[in-house]
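[1] structure for this input, please:
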Amino acid sequence: MSIIKVKNVTKRFNDKLVLDNINYEVREGEIFGFIGPNGAGKSTLINIMTGLLTPDSGTIEVCGYDILKDPIKAKKCIGYVPQELALMEELNALTNLEFFGALYGLKGKLLKERIEEVLKITGLEEKKKQKVKKYSGGMKRRLNLAVSILHHPKVLILDEPTVGVDPQSRNHIFSFIKNICKEWGTTVIYTSHYMEEIEELCKNVFIIDLGKEIAYGCKNEIKSAVFSNNKVMIEAEDVSGEIIMELSKVDGVIKVSDKDGIITLVINLDFKLANVLALLEKQNINIKKISYEEVKLEDVFLSLTGKTLRD
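    Numbers count the residues shown, from 1 in each chain. Next comes the predicted model:
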């Protein structure tokens, strides 16, 4: 079931076309990766999804509500963590949560319970009475996450949530995202400049550049469409040219090379490692190490856009 539907969304700023007929859907309960270089149109699309901007044409539905026709109902379904921290740093975490909770319409016992819940989830219970300005960058990010889920949103939009955080907070944020998807069924839209984060968290992705769709769908299928071949590296002793020739004939092996005692096999989906191991065992080859190199999403991105994410 699709919880977000983006249909034919177009947006111009004066004569500049910023979004060009964008279409995609996000399934309920998934972590959906949204990536593109700076200036690609990501922020504009997020602002339209959250009702901060109006598209020139097209529609966006969130939880079955049109963001233009039923903005209040649609926005109630959304939690949003922007790139820039949205906190009152002169106040403590508890007061921040009380303020934002009141904006969500929470009050009394329920508000208190929700605050205790999000503080526990984000690991800020012991620091709740400390002024936010004394927090580390990672703690501020975690408090921003706490604010965004007070109302138990069905959709959580995270715009660069790990910028400037330490590794410990980054891992905490990852655990938080996975847990709310699993336990609450929350749908997460995740934008990041860090490809390894998208690799770890997301199954489906949308790649945008210059306001246009570059690729959309299952991450692994996009990889296969752009780079069909992965690699297996085998470190071994006493490998002869004859054995290299035999390896090149194994089903699923496209190309074989041998350098400094490391055999590199370029493979396709028909490859079975057991066939290679059987061949090497038959030849009494001593294997020291086997490693696998999968095509990376960053390689796909660079191939499709010709740009780094920081351009």
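
[2] start and end of stretch 34-41, how far apart?
    Using CA to CA, to the nearest Å, the end-to-end distance of stretch 34-41 comes to 11 Å.

[3] which parts of that stretch are buried?
    With burial defined by 16 or more other CB atoms under 10 Å, the residues of stretch 34-41 counted as buried are Phe34, Ile35, Gly36, Pro37, Ala40, Gly41. Bear in mind the C-beta positions are built from the backbone N, C-alpha and C, glycine included.

[4] who touches stretch 229-243?
    By CB atoms under 8 Å, 6 or more residues apart in numbering, the residues outside stretch 229-243 that reach it are 254, 258, 261-268, 271, 273, 276, 279-280, 283, 285-295.

[5] straight-line length of it, end to end?
    Terminal residues of stretch 229-243 are spaced 22 Å apart (CA to CA).

[6] gap between it and the chain center?
    35 Å (CA atoms, centre = their mean, to the nearest Å).

[7] what residues sit buried inside it?
    Buried positions in stretch 229-243, judged by neighbour count with 16+ other CB under 10 Å: Asn230, Lys231, Val232, Ile234, Ala236, Val239, Ile243.

[8] so among those residues, where is pLDDT lowest?
    For these, the least confident position by pLDDT is Asn230, scoring 80.

[9] how many other residues sit next to Lys203?
    Residues contacting Lys203 under the criterion other CB atoms under 10 Å number 13.

[10] isn't it up against Lys219?
    Yes: counting by CB atoms under 8 Å, Lys203 touches Lys219, with 6.0 Å between them.

[11] hang on, the earlier thing: out of the contacts of stretch 229-243, list just those in strands.
    The strands, defined by DSSP state E, take in 254, 258, 262-267, 287-293 from those.

[12] all the helices of this protein, in order from the start?
    Using DSSP state H, the helices assigned to the chain run over residues 42-49, 71-76, 93-103, 108-122, 137-148, 167-179, 195-201, 219-226, 241-247, 273-282, 297-305.

[13] any idea how far Val276 lies from Ala236?
    To Ala236, Val276 is 11 Å away according to CB to CB, to the nearest Å.

[14] now the closest residue to Gly41 other than its chain neighbours: how far from Arg141?
    Counting by CB to CB, 6 or more residues apart in numbering, the nearest residue to Gly41 once its immediate chain neighbours are dropped is Gly211, at 4.3 Å. For Gly211, the distance to Arg141 (CB to CB) stands at 28 Å.

[15] higher neighbour count, the two?
    Remark: of Gly211 and Arg141, Arg141 carries more neighbours, 27 against 23, as counted by other CB under 10 Å.

[16] where does the stretch 101-250 of the chain have low pLDDT?
    227-228 (pLDDT under 70).

[17] the nearest residue to Ile121 once chain neighbours are set aside and Lys272: what is the separation?
    Spatial nearest neighbour of Ile121, chain neighbours left out: Phe176 (6.2 Å); criterion: CB to CB, 6+ apart. Here Phe176 is placed at a distance of 39 Å from Lys272 (CB to CB).

[18] higher neighbour count, those two?
    Taking neighbours as other CB under 10 Å, Phe176 and Lys272 compare with Phe176 leading, 21 against 12.

[19] isn't the more buried one right up against Ala146?
    No: the pair Phe176 / Ala146 is not scored as a contact, 9.3 Å apart, by CB under 8 Å.

[20] mutual contacts of those two, please.
    Here Phe176 and Ala146 share the contacting residues Ile121, Thr122, scored by CB under 8 Å, 6+ apart.

[21] domains for the protein, by residue range?
    2-224, 229-293 (automatic domain parsing).

[22] okay, how far is it across the longest one, tip to tip?
    Taking CA to CA, the first and last residues of domain 2-224 lie 25 Å apart.

[23] neighbouring contacts of stretch 253-272?
    The list of residues contacting stretch 253-272 from outside it, by CB under 8 Å, 6+ apart, reads 224, 228-237, 239, 244, 247-248, 250-252, 276.

[24] what's the span of it from first residue to last?
    End-to-end distance for stretch 253-272, by CA to CA: 9 Å.
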